[in-house]
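> Need a 3D model of the sequence below.
(one chain, ligands or ions: 1)
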Amino acid sequence: MTRVLVAEGVRKRYGALVALDDVDLEIAAGEVLALLGPNGAGKTTLVSIVAGLRRADAGRVEVAGCDVARDPHGARLRLGLAPQELGVYPTLSVRDNLRFHGELAGLRGAELRRRIAEAAQALALERLLARAARTLSGGEARRLHTAMSVMGRPALLLLDEPTAGADLDMRAQLLALVRALAAEGTGVCYSTHYLHEVERLGASVAIIDAGRIAARGSLDALVGRYGRAGVELRFDGPPPPLDGDRVSDTSVRVATREAPAEAAARILARLGAETRRLRAVELIEPSLESVFLDVTGRRFSVNGHHAGGGEDDDGGA
Ligand code: ATP
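Numbering: from 1, shown residues only. The predicted structure is shown next:
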């Protein structure tokens, strides 16, 4: 198995704060790894170290066999990073930004033009090729960043929330692109606020929590191991005493070994007068969401907003 990312014993502190605590992580060629974690868990720090933008205090990182600390240039050539602002030339056109990135990756002539056309097509940028990058909308700029990151067909691709703000068609197209790149052997480290995408990508999962890799494995293995079924009940005001975990000021989650519907019926039968304050009951089947909750003790959320369920629907298919 070719490994396009090897991180071993990576540590990083910011003053007294330990952002990464002995992180080991590997990504194989052709693997899509979803890197998930609560806010502040250390995802950006880890990705920045892999990309050579920050230095680890200890540990070793190799990108496609190149040590990031000893051969930063070699490592950089083997990896694709969607630059957020960094790396985009605002006054240059979309086409020239792509061309510049392709040239950095060693592409020339017909091959360069072909890659520009492919990346523009995959990220729906064809209409925008002549536009100055600074005139793009937020979503368009994000697509340009992603297109730039894939120009050089890197061994390792780091994608940080590439679908944020994208509409349904665009999201489906992006997921198809990631799958196609992985099928060609690219290893992808993918962070997202949409757990549904992890399933659609057939991605394996690493959950990082408080600077440590708290769980790592295939989706099926993690759901089998951690994905407990449960019932979540939301009340008008604080929940009554129930044998479960408080997940918000008004909600409690009760884990169950039986089917969630049976557990819900049992709990509701015992609620008595508190039933009047009940606002919602959610049945939780074992899933990546319940894995995340079990591993981190927190719901998978975007800045406190729940990102599962309906918002997570990216159009099926
Ligand atoms: P989010 O999902 O919110 O983007 P994250 O998982 O990417 O979070 P990091 O940005 O890696 O988390 O941050 C990890 C921890 O290190 C956080 O507690 C953060 O406040 C802290 N941190 C990050 N960068 C710095 C910095 N330059 N100086 C001090 N502390 C930092």
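
> Secondary structure class of Val205, three-state.
strand (DSSP: H, G, I helix; E, B strand; the rest coil).

> Is the closest residue to it other than its chain neighbours within a helix or a strand, and which one?
What sits nearest to Val205 in space, not counting adjacent residues and going by Cβ to Cβ, 6 or more residues apart in numbering, is Ala34, at 5.0 Å. All C-beta spots, glycine's among them, are computed from the backbone N, C-alpha and C. In this structure, Ala34 is located in strand 32-36 according to DSSP states H and E.

> Tell me the strands beside that strand, with direction?
Sheet pairing for strand 32-36, assigned by DSSP bridges, gives strand 187-191 (parallel), strand 204-209 (parallel).

> Start from the N-terminal end of the stretch 101-250 of the chain and give the strands.
Remark: strands of the stretch 101-250 of the chain, listed N- to C-terminal, are 156-160, 187-191, 204-209, 212-218, 229-235, 245-246; assignment by DSSP state E, counting those that start in this stretch.

> contacting residues for the residue nearest to Gly152 when sequence neighbours are not counted?
Of all residues beyond its chain neighbours, the one nearest Gly152 is Ala105 (2.7 Å), with distances taken as Cβ to Cβ, 6+ apart. Ala105 is in contact with 77, 151-154, counting by Cβ atoms under 8 Å, 6 or more residues apart in numbering.

> Out of the strands paired with strand 32-36, which gets nearest to the ligand?
With respect to the ligand, and counting by Cβ to the nearest ligand atom, the nearest of those is strand 204-209 at 6.7 Å.

> Where does the most far-flung residue of the chain relative to its centre sit: helix, strand or coil?
What lies farthest from the middle of the chain is Ala273; by Cα atoms, centre = their mean that is 42.7 Å. At Ala273, secondary structure determined by three-state DSSP is helix.

> For it, give me the pLDDT.
For Ala273, the pLDDT comes out at 93.

> same deal with Glu311?
pLDDT, read off for Glu311, is 41.

> and Thr45, what element?
Assigned by DSSP H and E, Thr45 belongs to helix 43-50.

> Domain parsing of this protein, as residue ranges.
Following the assignment in automatic domain parsing, the chain carries domains at 3-223, 226-306.

> Mean neighbour count, those domains: which tops it?
Burial among the domains of the chain, expressed as mean neighbours by mean count of other Cβ atoms under 10 Å, is greatest for domain 3-223, which shows a mean of 18.

> does that domain come close to the ligand?
Yes. In this structure, domain 3-223 sits against the ligand according to Cβ under 6 Å from any ligand atom; the contacting residues are 14, 17, 19, 37, 39-45.

> follow-up on the earlier one: Gly202 versus the residue nearest to Gly152, what's the distance?
Computed with Cβ to Cβ, to the nearest Å, the distance linking Ala105 and Gly202 is 27 Å.

> From Val198, how far out is Tyr190?
Applying Cβ to Cβ, the value for Tyr190 to Val198 is 8 Å.

> Between those two, which contacts overlap?
Ala34.

> pretty sure Arg277 is touching Arg234, no?
No. Taking Cβ atoms under 8 Å as the contact criterion, Arg277 and Arg234 are not neighbours in contact, 9.6 Å apart.

> Report the separation between Arg179 and Ala69.
32 Å.

> What segments of the stretch 151-300 of the chain are helices?
168-183, 195-200, 219-226, 260-269, 288-296 (DSSP state H, counting those that start in this stretch).
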